[in-house]
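Enquirer: Below are the sequence and a predicted model; questions follow.
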Amino acid sequence: MWGCCPLIGSSRREKAARCHSTQLTWSGSGDWLDIWTSASKMTPLSPTFCLLGRRMATIMLAWELGGGLGHLTPLVPIIRQLRDRGHSIVATVRDLSRIDSIFSGFGVTYLQAPVKLTKAPEHIDPPRTLAHILFNSGFSKVEELRAMAEGWRTLIRFVQPDLIIFDHSPTALLAARGSPGRKAVIGTGFCCPPNVAPLPDLRPWVPVEPDSLCRDEASVLGNVNQVLTGWGLKSLGQLSELYHDVDETFLTTFRELDHYPCRSEAEYFGAWGTEGGEEPEWPEISGKRIFAYLKPFATLRDLLTVLRQLEQPTLVYIDGLSPTLREESQSPTLRFAGRRLNLAAVSKTCDLAILNGGHNAAALMLLAGKPTLHVPLNLEQAYNGSSVAKLDAGLGALPERPQDFGPIIGALLSEARFTEGAQRFANLYSQYDPQEQIRRISSRLHLLSRAAGQSQQDRAPDFR
């Protein structure tokens, strides 16, 4: 029988559970409950654990693709609410190096996700479709794909989740096919493609050989189906089924920012900022306030030079900035923040934001009615910038064309149409309540996990 509360050993409650007749303290909905139990009934992968008749579910969070922590930070309030409901959370993530800074104090268990570490010789660059991204992420060869998927299957067998939440995790979605428990996909439009074949071209402005995208997608689909056949499972009719054979899909974006505007039916939950962060401290001079939230890239020095020469009150946060570049770029008008800032507070006080094109930061600026400049470092960010430009709420600048930085920033600061475009978006969503959307998502995940647990209690495992 599949377990519903693996005590792998991260939270104090779970550690205490290993002691015979140990008191457990659980915080749920603001009430403190003292529960006594026997550790002999609460070993890792044990079938069931209940609190005063309330069955706890085990929820596995899977994060496989994408750089930085932008995929996890929006999930923090959702995970907190699920923990408050008494569920056990196991986060299986591609990068453990800073995960404790996100989930510290939540009682979340961490596991390392199987990820592709090397760049294949046949790497498709630049990728045009999600099929290309999968090809570059381990789906190009059957042997590699099977090995990575088997790694995920081992983790799923170990955790025995009632519910798996997939955030940009295609190999995990493949591995979970045939497993018991419920499944939910969450993320921006980029991570949740429509159920169509072939998958849409995300670089339609670049010429392409007719039928080449279909051939590339068919190759990835063939590798997926070889793995499924080897497991004795039904093949996929089209690649997008990988994302749609699930119980729920939570599109955490707005229709205007959806990477797939061709999507016929969708429920959008919007976007929200990262919790916490320091309050912005702007240089004490008059002028247009410019906020830059970036990662290092080859022409960053050129951009910082332009910002310093503008002599406008500028606040910059760059994770991983070299001390040398920081020292030579700072000035009385350009200040560097040493720690992550509260983006909600920044969005209310800045006049222009310069971003790489991260989805949630862009959405937050739009909700505040602030125009943005996007300097994208990957396909997803480029599309985010394109969506903002279509709203006449910002512009994009290619990092390989630093000569454009100055003129584009000048246009964004001087032309009212960009602020007006951003304010139109803000007015359209003036009644949007991110906390309500977070509550809706967590409630539906809670119900999904409870339903999964109830259906599995008397069921033998069918996943090998």
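Expert: Done, it's in.

Enquirer: Okay, now the unreliable bits of the protein?
Expert: Of all residues in the chain, those with pLDDT under 70 make up the ranges 1-55, 453-464.

Enquirer: Show me which helix runs longest in it.
Expert: For the chain, the helix with the greatest residue count under DSSP state H is helix 434-456.

Enquirer: Contacts only, for residue 270.
Expert: The neighbourhood of residue 270, defined by Cβ atoms under 8 Å, 6 or more residues apart in numbering, consists of 252-254, 363, 429, 432, 434, 437. Backbone N, C-alpha and C define where each C-beta goes, glycine included.

Enquirer: Help me confirm that it is found in a helix?
Expert: No: under DSSP: H, G, I helix; E, B strand; the rest coil, residue 270 sits outside any helix and is assigned coil.

Enquirer: rewinding a little: mind putting the contacts of residue 270 in JSON lines, secondary structure and distance to residue 212 included?
Expert: Shown next, in JSON lines, are these (DSSP: H, G, I helix; E, B strand; the rest coil; distance: Cβ to Cβ, whole Å):
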{"residue": "252", "secondary structure": "coil", "distance to residue 212": "32"}
{"residue": "253", "secondary structure": "coil", "distance to residue 212": "29"}
{"residue": "254", "secondary structure": "coil", "distance to residue 212": "32"}
{"residue": "363", "secondary structure": "helix", "distance to residue 212": "33"}
{"residue": "429", "secondary structure": "coil", "distance to residue 212": "39"}
{"residue": "432", "secondary structure": "coil", "distance to residue 212": "40"}
{"residue": "434", "secondary structure": "helix", "distance to residue 212": "41"}
{"residue": "437", "secondary structure": "helix", "distance to residue 212": "39"}
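
Enquirer: Adding neighbour count, write those residues out as TSV.
Expert: Below are the contacts of residue 270 laid out as TSV (neighbours: other Cβ atoms under 10 Å):
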residue	neighbour count
252	26
253	25
254	22
363	28
429	14
432	15
434	19
437	19
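
Enquirer: Would you mind checking which of these is nearest to residue 117?
Expert: Relative to residue 117, the closest of the contacts of residue 270 is residue 252; by Cβ to Cβ it sits at 28.0 Å.

Enquirer: and that closest one, how far is that from residue 190?
Expert: Going from residue 252 to residue 190 by Cβ to Cβ, to the nearest Å gives 11 Å.

Enquirer: neighbouring strands for the helix or strand where residue 354 lies, and are they parallel or not?
Expert: For residue 354, the host element (DSSP states H and E) is strand 352-355. Sheet partners assigned to strand 352-355 using DSSP bridges are listed as strand 290-294 (parallel), strand 372-374 (parallel).

Enquirer: thinking again about what came up before, buried sites along the longest helix of the chain?
Expert: Buried residues in helix 434-456, counted by 16 or more other Cβ atoms under 10 Å: 434, 437-438, 441-442, 445-446, 448-450, 452-453, 456.

Enquirer: what about the strands in the stretch 51-200 of the chain?
Expert: 54-55, 58-63, 88-93, 109-112, 163-167, 182-187 (DSSP state E, counting those that start in this stretch).

Enquirer: Next, the buried residues of the second one.
Expert: Okay, so that is strand 58-63. Under the neighbour-count rule (16+ other Cβ under 10 Å), strand 58-63 has 58-63 buried.

Enquirer: what about the strands paired with strand 352-355, which gets the closest to residue 211?
Expert: strand 372-374 (31.7 Å).

Enquirer: Just give me how far the closest one sits from the chain centre.
Expert: Relative to the centre of its chain, strand 372-374 is centred 20 Å away, using Cα atoms, centre = their mean, to the nearest Å.

Enquirer: Which strands or helices does the helix or strand just after it pack on?
Expert: Counting by DSSP H and E, the next helix or strand C-terminal to strand 372-374 is helix 379-390. When contacts are defined as 3 or more Cβ pairs under 8 Å, 6 or more residues apart in numbering; DSSP states H and E, helix 379-390 packs onto helix 359-367, strand 372-374, strand 394-396.
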